[in-house]
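[1] Got a predicted structure here, sequence first:
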There are 4 protein chains.
Amino acid sequence: MQVNNLETLFKKTLAKSKLTAKQQAVLQVSLNLFSEQGFDGTSTSEIAKAAGVSEGTVFKQFKTKAGILEALLNPVLDDVLPMAAGEFLTEMNQSDLPNFQQLLQYMIADRMKFVLENQKQIRVFAQEIIRNPKIIQTLQVRAAAMIKGEAGDFLQQYKDSGQLVDWPSGRIIQYLLGTIISYVAPQVLLVPTKDFDIQQASTEAAEFLARGLAPQN
Amino acid sequence: MQVNNLETLFKKTLAKSKLTAKQQAVLQVSLNLFSEQGFDGTSTSEIAKAAGVSEGTVFKQFKTKAGILEALLNPVLDDVLPMAAGEFLTEMNQSDLPNFQQLLQYMIADRMKFVLENQKQIRVFAQEIIRNPKIIQTLQVRAAAMIKGEAGDFLQQYKDSGQLVDWPSGRIIQYLLGTIISYVAPQVLLVPTKDFDIQQASTEAAEFLARGLAPQN
Amino acid sequence: MQVNNLETLFKKTLAKSKLTAKQQAVLQVSLNLFSEQGFDGTSTSEIAKAAGVSEGTVFKQFKTKAGILEALLNPVLDDVLPMAAGEFLTEMNQSDLPNFQQLLQYMIADRMKFVLENQKQIRVFAQEIIRNPKIIQTLQVRAAAMIKGEAGDFLQQYKDSGQLVDWPSGRIIQYLLGTIISYVAPQVLLVPTKDFDIQQASTEAAEFLARGLAPQN
Amino acid sequence: MQVNNLETLFKKTLAKSKLTAKQQAVLQVSLNLFSEQGFDGTSTSEIAKAAGVSEGTVFKQFKTKAGILEALLNPVLDDVLPMAAGEFLTEMNQSDLPNFQQLLQYMIADRMKFVLENQKQIRVFAQEIIRNPKIIQTLQVRAAAMIKGEAGDFLQQYKDSGQLVDWPSGRIIQYLLGTIISYVAPQVLLVPTKDFDIQQASTEAAEFLARGLAPQN
DNA sequence: AATGAATGAGAGTTCATTCAT
DNA sequence: GATGAATGAACTCTCATTCAT
């Protein structure tokens, strides 16, 4: 089974960490507040009050306010995203869906679900990306590695079997992401609406991408 | 000729406004600082110093720090973006490019140029969109109106002539934007690199979109 | 006829002064605003806006904000109050009311009317007295002079004729003022109510004072 | 024994409160500065410096500058004044002074002492009453209740025994207060002079009031 | 005489951070 | 480990006042 939910993963990570219950509360509460109000819009005293701890406790473990943000984003950057991506590709490989469009749809639905289930973290991420371009560089480096490795190999199979246009893997993934983002961005940026239909959205997106990425006869 | 450059337009707007030179300097400097450091990361004393005016002057005209941001974003939201979009469609209609892919390429190149020439404003916009979901709602409403109107009529021509798949105009524009964004986002979010090749990027993007949006035979 | 209304007097003084219409507007508006919001609670830009003049104009004539206050209070302190008091005593002397209690009532009614008709100035005065003890000293000095002079002579007549207790004039006037103030203070300090009945109040007060100030048989 | 001294009472209240020594210092110092310079004339940095604390400390407890004023006035309004008044009447009842004039003198001396011992608080009160009419309304309501209750009963005894004119209690108390105020106002408003003779003043005032409030034979 | 843009000192307030308990 | 009082620098904003036009 796939790990789609960063929140669950996040809580498991917290539980495994040596952090006390109070420190974990600080992280949990900070995630929510940063997501809703932004990093700059959230004060440490607000965090302390919402977490039910003293103002000193907030700093005991994380030293600075930025330290809290790091503690929130680093595990995502270091462990969760790669792990989730790894598991994702593994599963894709095992899925053995013969039709490329069907595969695309499954894939897209899966990633959309991932995004929608982890809106809070992603919103914090999005804020931080704009504040701090270094993050996007890190992401680019990792993405490049993945494209050269597993993801590239994965796509190669479909190129070889004549179901996928022979463009560089990076370009293909770029269109894939662009299309997915065009669906989920409004959901993530706006107050989330419950009426988003993943099934229909992924079907539409897969239809478009399958055409756009089909080899020219 | 098309108005592509918000900066020029912005300066013309400033010149036409009844703002004094110092007040204009405040806006100009605020745009740069907000773009580089974010709204929260920029202090009003920093603005005053960079604009070469006193702190009092900053507030005399714009009342609050948020007032400066409004003064920066409102003209863009109210006048410049619609105007630019309107002129853009007019020109598209006049261009009379027979081939849909060529049209796409021209269009994409044009919009990429627009984005790259106005990175500062767009970066401030992007920040504010994440801070304040109301903006995206406004944009959605305006986009919906445009899709129902001019833009829809424009696309209809190509649907009628069998060069464009008969999907709702909103869906088509969504893919268009998603693809363009997949190219320009890294440029805008990262420190801009000079080696971005609009010609190649627009050719690639048009190629992909032309396939994805072609009617099924 | 008696000059009871400082407002009229104030406007006449303004008209006689060499002040331009705008400068007069500044004074008029300042009186109202100081009375309603207090001196510290009123900004010079507020005055300028309410008077319909520029901010510079406010300072052209009066140099400082305190200068406006002085311009408002000095004529009252220097001319109006003594003049009004002088006219008052003259009239009292002419009135030739045989009965002391009737005289008291007339006097009290007259002074109550004076206070109620000039609430604004008096409120500004009251504020300033608390801020600035020097004013009360000035008043004390003037009162002492008046007691030694005209007012003392006036009271002496009634002492001589056995209608007034033979206490020092200062003491008598103190009780007179204390009693009047006990009636008008709530009117001046609270938002003024229209249902204050001068006739009844002065009758009551005169009744009390006539008893308290009657010579012991 | 009677609680005459708000300052002592104030300090006891402070001691009982959960405020730290520094927070208590802030209140103590604010009382002095507000009394001397007025609320608007005292800056929070001035308070901080005089209290020997940082500026942050001033706001940690009291949130706003107005919060300090409230913290100073509320206990007086809510607890101290009613308590002092209650104790006062109790003692009056117990005193069993046969002669009304003697009673008056004792009473007046007592209240004068109260005012003179608590000049600072009363000066702050006076300022605030002029700034904020709501306070006087509160006072009026409380006074009305007291007149209907204990104070009214107390005066009734003397009306019944033919020592006090049969006027409404409110009117009687009004003259009482007016007369007392005519003595203490200059003391409170001016820089206090030490040569005020309570004994003589209360004897004089009682003499006047006893005459004014005696039943007509 | 009048304007109003500009000033800059200082106001009240916030906030991340420290440290003795 | 946790507390929370205390800090003080920095922040946004106000204001009386000036001065070139």
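    Yep, that arrived. Numbers count the residues shown, from 1 in each chain, chains lettered A, B, ... in the order given.

[2] does the helix ranked longest in chain A come close to chain B?
    Scanning chain A for the longest helix, with DSSP state H as the assignment, gives helix A:169-189. Yes: using Cβ under 8 Å from any Cβ of the partner chain, helix A:169-189 comes into contact with chain B via A:171, A:174, A:175, A:177, A:178, A:179, A:181, A:182, A:183, A:186, A:189. For glycine as for every other residue, the C-beta is placed from the backbone atoms N, C-alpha and C.

[3] ok, how many other residues are close to the second one?
    To tie it back to what came earlier, the one meant is residue A:174. 22 (other Cβ atoms under 10 Å in any protein chain shown).

[4] Check which helix or strand the closest residue to DNA strand F within chain A maps to.
    Relative to DNA strand F, the nearest point of chain A is residue A:56 (1.8 Å; Cβ to the nearest atom of the strand). Under the criterion of DSSP states H and E, residue A:56 resides in helix A:55-62.

[5] Heading C-terminal from that helix, find the next helix or strand.
    helix A:65-75.

[6] quick one: contacts of that following helix?
    For helix A:65-75, the external contacting residues (Cβ atoms under 8 Å, 6 or more residues apart in numbering or on different chains) are A:10, A:13, A:26-27, A:30-31, A:34, A:39, A:44, A:47, A:58, A:62, A:121, A:124-125, A:128, A:135.

[7] Same check on stretch A:90-105?
    Taking Cβ under 8 Å, 6+ apart as the rule, stretch A:90-105 contacts A:2, A:106-107, A:154, A:158, A:163-164, A:176, A:202-203, A:205-207, A:209-210, A:213.

[8] From these, pick the one nearest residue C:20.
    residue A:205 (74.2 Å; Cβ to Cβ).

[9] Could you tell me what pLDDT the model assigned to that closest one?
    For residue A:205, the model assigns a pLDDT of 97.

[10] what's the burial count for it?
    The criterion is other Cβ under 10 Å. On that basis, residue A:205 has 26 neighbouring residues.

[11] Repeat that for residue A:13.
    Number of residues near residue A:13 (other Cβ under 10 Å) recorded here: 17.

[12] Please see if stretch A:110-130 touches DNA strand E.
    No: Stretch A:110-130 lies out of reach of DNA strand E by Cβ under 7 Å from any atom of the strand, never closer than 14.5 Å.

[13] That stretch near chain B anywhere?
    Yes: using Cβ under 8 Å from any Cβ, stretch A:110-130 reaches chain B at A:123, A:126, A:127, A:129, A:130.

[14] need those residues in TSV with pLDDT, can you?
    Below are the residues of stretch A:110-130 next to chain B laid out as TSV (pLDDT from 0 to 100):
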residue	pLDDT
A:123	88
A:126	87
A:127	88
A:129	87
A:130	85
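
[15] Within range of DNA strand F, give me the residues from chain A.
    So chain A meets DNA strand F at A:20, A:21, A:22, A:23, A:53, A:54, A:55, A:56, A:57, A:60, A:61 (Cβ under 7 Å from any atom of the strand).

[16] Let's have those residues in a markdown table, adding distance to residue A:111 and neighbour count.
    What follows is the residues of chain A next to DNA strand F, written out as a markdown table (distance: Cβ to Cβ, whole Å; neighbours: other Cβ atoms under 10 Å in any protein chain shown):
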| residue | distance to residue A:111 | neighbour count |
| --- | --- | --- |
| A:20 | 35 | 13 |
| A:21 | 33 | 9 |
| A:22 | 35 | 15 |
| A:23 | 32 | 20 |
| A:53 | 36 | 19 |
| A:54 | 41 | 12 |
| A:55 | 40 | 12 |
| A:56 | 41 | 8 |
| A:57 | 37 | 18 |
| A:60 | 38 | 13 |
| A:61 | 33 | 18 |
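
[17] Pipe those residues into a markdown table and attach pLDDT and distance to residue C:75 per row.
    Formatted as a markdown table, the residues of chain A next to DNA strand F follow (pLDDT from 0 to 100; distance: Cβ to Cβ, whole Å):
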| residue | pLDDT | distance to residue C:75 |
| --- | --- | --- |
| A:20 | 88 | 73 |
| A:21 | 89 | 73 |
| A:22 | 92 | 69 |
| A:23 | 92 | 70 |
| A:53 | 96 | 64 |
| A:54 | 96 | 61 |
| A:55 | 95 | 57 |
| A:56 | 95 | 61 |
| A:57 | 96 | 64 |
| A:60 | 92 | 67 |
| A:61 | 90 | 69 |
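
[18] which one among the residues of stretch A:110-130 next to chain B gets closest to chain D?
    residue A:127 (28.2 Å; Cβ to the nearest Cβ).

[19] Could you check the angle the helix or strand hosting the closest one makes with helix A:169-189?
    Residue A:127 belongs to helix A:119-131 when assigned by DSSP H and E. Here the directions of helix A:119-131 and helix A:169-189 differ by 110 degrees (axes from the mean of the first three to the mean of the last three Cα atoms, to 10 degrees).

[20] Which neighbouring elements make contact with the helix or strand following helix A:119-131?
    Next along the chain after helix A:119-131, taking DSSP H and E as the criterion, comes helix A:133-148. Secondary-structure packing of helix A:133-148 (3 or more Cβ pairs under 8 Å, 6 or more residues apart in numbering or on different chains; DSSP states H and E): helix A:81-95, helix A:119-131, helix A:169-189, helix B:169-189.

[21] okay, the last one in CSV with CA atoms only?
    Taking only C-alpha atoms (Å, rounded to 0.1, in the frame of the first residue of the first chain), the coordinates of helix B:169-189 have been written out as CSV:
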residue,chain,number,x,y,z
SER,B,169,-12.8,26.8,-23.5
GLY,B,170,-12.0,26.9,-19.8
ARG,B,171,-10.4,23.5,-20.0
ILE,B,172,-8.3,24.4,-23.1
ILE,B,173,-7.1,27.6,-21.5
GLN,B,174,-6.3,25.7,-18.3
TYR,B,175,-3.9,23.4,-20.2
LEU,B,176,-2.4,26.3,-22.0
LEU,B,177,-1.7,28.1,-18.8
GLY,B,178,-0.4,24.9,-17.1
THR,B,179,2.1,24.4,-19.8
ILE,B,180,3.3,28.0,-19.9
ILE,B,181,3.6,28.0,-16.2
SER,B,182,5.6,24.8,-16.3
TYR,B,183,8.2,26.7,-18.3
VAL,B,184,8.2,30.1,-16.6
ALA,B,185,7.7,29.2,-13.0
PRO,B,186,11.3,28.2,-12.4
GLN,B,187,12.5,31.4,-14.1
VAL,B,188,10.2,33.5,-11.9
LEU,B,189,10.7,31.7,-8.7
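
[22] picking that back up, mark which of the contacts of stretch A:90-105 are buried, thanks.
    Among these, the ones that count as buried by 16 or more other Cβ atoms under 10 Å in any protein chain shown are A:106-107, A:154, A:158, A:163-164, A:176, A:202-203, A:205-207, A:209-210, A:213.

[23] Am I right that residue A:184 is in contact with residue A:114?
    No: when contacts are counted by Cβ atoms under 8 Å, residue A:184 is not listed as touching residue A:114 (9.4 Å).

[24] Close to chain C as well: tell me which of the residues of stretch A:110-130 next to chain B qualify.
    Counting by Cβ under 8 Å from any Cβ, no member of the residues of stretch A:110-130 next to chain B reaches chain C.

[25] the inter-axis angle of the helix holding residue A:56 versus helix A:65-75?
    Using the same axes, to 10 degrees, helix A:55-62 lies at 50 degrees relative to helix A:65-75.

[26] wait, does helix A:55-62 make contact with chain D?
    No: using Cβ under 8 Å from any Cβ, helix A:55-62 stays clear of chain D, with a minimum separation of 10.6 Å.

[27] thinking again about what came up before, mind listing which of the buried ones among the contacts of stretch A:90-105 are in strands?
    The members of these all map outside strands under DSSP state E.

[28] Among those residues, which are located in helices?
    A:106, A:107, A:154, A:158, A:176, A:202, A:203, A:205, A:206, A:207, A:209, A:210.

[29] Just want the phi and psi numbers for the closest residue to the fourth one other than its chain neighbours.
    Which is residue A:158. Once flanking residues are discounted, residue A:158 sits nearest to residue A:164: 3.8 Å by Cβ to Cβ, 6 or more residues apart in numbering or on different chains. The phi/psi pair for residue A:164 (degrees, to the nearest 10) reads phi -140, psi 140.
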